[in-house]
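>>> A predicted structure for the sequence below; I have some questions about it.
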Amino acid sequence: NAGVMQNPRHLVRRRGQEARLRCSPMKGHSHVYWYRQLPEEGLKFMVYLQKENIIDESGMPKERFSAEFPKEGPSILRIQQVVRGDSAAYFCASSRDRNTEAFFGQGTRLTVV
Amino acid sequence: GESVGLHLPTLSVQEGDNSIINCAYSNSASDYFIWYKQESGKGPQFIIDIRSNMDKRQGQRVTVLLNKTVKHLSLQIAATQPGDSAVYFCAEHTGQGAQKLVFGQGTRLTINP
């Protein structure tokens, strides 16, 4: 049973470009969380999704950021018109239900140049 | 801001000694807690969890204690090994409304030979 898969592992974008980060949850998991982590800091919640629904997006910046978890395929975190401040590690986690173990992927490290 | 905090940002212990990592939380409605271990360049790894109806839970070499009276959580690692070197995060699940895991800043555990 494969774990949470994120790709790409590393992503370099120029300022103004778009970044698309993908997350495939563990088999049987329908709950997905996205977090952002700056160096030497904790993980900051961004968004929580269930299949086709956004449950909680209280941590998402109001502009340029969006997330989806379609019926088929991975969850996507999309950042439009990236700026240097978007450089960070973005982690995805999945769980079978709410209030059960959430398992993390290895993250995507986004660098904006 | 985040409701989960840690007493100590760094902890150094001798190999073979026991380690205790502490965490304070402020949301009395939180009903589920998880400890994660994060090694450099990797995603957080689930260690152990505990629900609010328990005050202690044991795993392999690890024990989590929950004191709801003072809103305090601790992770005890027995016979610390070099492979235990990592940053440890506690996370709380508020369980009401907002469906998210809130992370603390983390404690870096280093093992002295």
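Right, received. Where do you want to start?
>>> count of residues packed around residue 80?
Answering for chain A, as no chain was given. 13 (other C-beta atoms under 10 Å in any protein chain shown). (C-beta placed from N, C-alpha, C; glycine too.)
>>> The chain in question should be chain B.
21.
>>> in chain B, which spans are strands?
B:4-5, B:10-14, B:19-25, B:32-38, B:45-51, B:56-58, B:62-67, B:72-77, B:86-93, B:101-103, B:107-112 (DSSP state E).
>>> any chance of these in JSON lines, plus mean pLDDT?
Shown next, in JSON lines, are the strands of chain B (pLDDT from 0 to 100):
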{"stretch": "strand B:4-5", "mean pLDDT": "54"}
{"stretch": "strand B:10-14", "mean pLDDT": "94"}
{"stretch": "strand B:19-25", "mean pLDDT": "93"}
{"stretch": "strand B:32-38", "mean pLDDT": "93"}
{"stretch": "strand B:45-51", "mean pLDDT": "93"}
{"stretch": "strand B:56-58", "mean pLDDT": "97"}
{"stretch": "strand B:62-67", "mean pLDDT": "97"}
{"stretch": "strand B:72-77", "mean pLDDT": "96"}
{"stretch": "strand B:86-93", "mean pLDDT": "92"}
{"stretch": "strand B:101-103", "mean pLDDT": "84"}
{"stretch": "strand B:107-112", "mean pLDDT": "93"}
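>>> Reformat those strands as JSON lines; add mean neighbour count.
JSON lines is the format used below for these (neighbours: other C-beta atoms under 10 Å in any protein chain shown):
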{"stretch": "strand B:4-5", "mean neighbour count": "20"}
{"stretch": "strand B:10-14", "mean neighbour count": "13"}
{"stretch": "strand B:19-25", "mean neighbour count": "20"}
{"stretch": "strand B:32-38", "mean neighbour count": "22"}
{"stretch": "strand B:45-51", "mean neighbour count": "17"}
{"stretch": "strand B:56-58", "mean neighbour count": "13"}
{"stretch": "strand B:62-67", "mean neighbour count": "18"}
{"stretch": "strand B:72-77", "mean neighbour count": "19"}
{"stretch": "strand B:86-93", "mean neighbour count": "25"}
{"stretch": "strand B:101-103", "mean neighbour count": "23"}
{"stretch": "strand B:107-112", "mean neighbour count": "17"}
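>>> Identify the residues contacting stretch B:28-41?
A:99, A:101-102, A:104, B:3, B:21, B:25, B:44-52, B:62, B:64, B:66, B:68, B:71, B:73, B:75, B:84-96, B:101, B:103, B:106 (C-beta atoms under 8 Å, 6 or more residues apart in numbering or on different chains).
>>> So which of the strands of chain B is nearest residue A:73?
Nearest to residue A:73, of all the strands of chain B, is strand B:101-103, at 23.9 Å by C-beta to C-beta.
>>> Tell me the strands beside that closest one, with direction?
strand B:86-93 (antiparallel) (DSSP bridges).
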